[in-house]
Structures are given as C-alpha cells and as structure tokens.
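A.B. asks: below are the sequence and a predicted model; questions follow.
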Amino acid sequence: MFLARVYVTLKPTVNDPQGLTIRGGLHSLGFESVQGVRAGKYIEITLDAEDESEADVQVTEMCRKLLANPVIEDFRFELEET
C-alpha cells in the first residue's frame with residue numbers, strides 16, 4: 001500500500017483570483033508584508049500497488065486524466081509506503 005500526497009497548483013502564468021482574494025483578506029487583517037498568494041489543491045490517495053514504480057505510474061495517470069488540468073495546472077506528488 002502507498003499513500004500519495006498530490007499537490008496541484010496553477011501554472012505561474014495563470015491568473016489566480018482566489019490567491020488575490022486571500023492576499024486581500026490577509027492585508028485587511030494587518031498582514032501587509034504578504035506580497036503574493038497562490039492557491040491550489042492538496043489530495044491524499046491511498047492505493048494498492050506492487051511497488052513504488054507502479055504507484056508512481058498510476059498516480060501520474062490520475063493527475064493527467066482527472067486531478068489536474070494540464071492546460072492551466074501543474075502537479076507534483078510524494079509517495080510513502082504504508
């Protein structure tokens with residue numbers, strides 16, 4: 001069994017209205033030092049795979065087919081054997 005921790009973020013060239021809203025909220029709370037915020041998604045997936053190589057292939061395909069939009073998002077993940 002493996003635990004995949006998947007991080008999906010907007011590509012640097014894509015506008016991030018959620019990040020701008022968060023930055024505005026932080027500024028209104030007195031955190032004026034915040035210069036930028038980028039928002040994303042964090043997903044945990046537990047999967048049964050023969051080995052780490054197979055788990056890597058499976059999670060990569062999950063990200064490419066469903067979890068991330070390759071046009072506007074990047075993804076990365078970490079695998080941990082459980």
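C.D. replies: On my side now, so go ahead. Numbers count the residues shown, from 1 in each chain.
A.B. asks: what about the helices in this structure?
C.D. replies: Per DSSP state H, the chain carries helices over the ranges 17-28, 52-62.
A.B. asks: do I have it right that Arg23 meets Arg38?
C.D. replies: No: using CB atoms under 8 Å, Arg23 makes no contact with Arg38, being 9.6 Å away. For glycine as for every other residue, the C-beta is placed from the backbone atoms N, C-alpha and C.
A.B. asks: redo the helices of the chain as a markdown table? Include distance to Val8 and mean neighbour count.
C.D. replies: Output for the helices of the chain, formatted as a markdown table (distance: least, CB to CB, whole Å; neighbours: other CB atoms under 10 Å):
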| stretch | distance to Val8 | mean neighbour count |
| --- | --- | --- |
| helix 17-28 | 13 | 13 |
| helix 52-62 | 11 | 15 |
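A.B. asks: reformat the ones you listed as TSV; add mean pLDDT.
C.D. replies: Shown next, in TSV, are the helices of the chain (pLDDT from 0 to 100):
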stretch	mean pLDDT
helix 17-28	97
helix 52-62	98
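A.B. asks: ranges for the strands of this structure?
C.D. replies: Ranges of strands within the chain are 2-10, 40-47, 73-81, based on DSSP state E.
A.B. asks: tell me which of those sits most buried.
C.D. replies: strand 2-10 (a mean of 18; mean count of other CB atoms under 10 Å).
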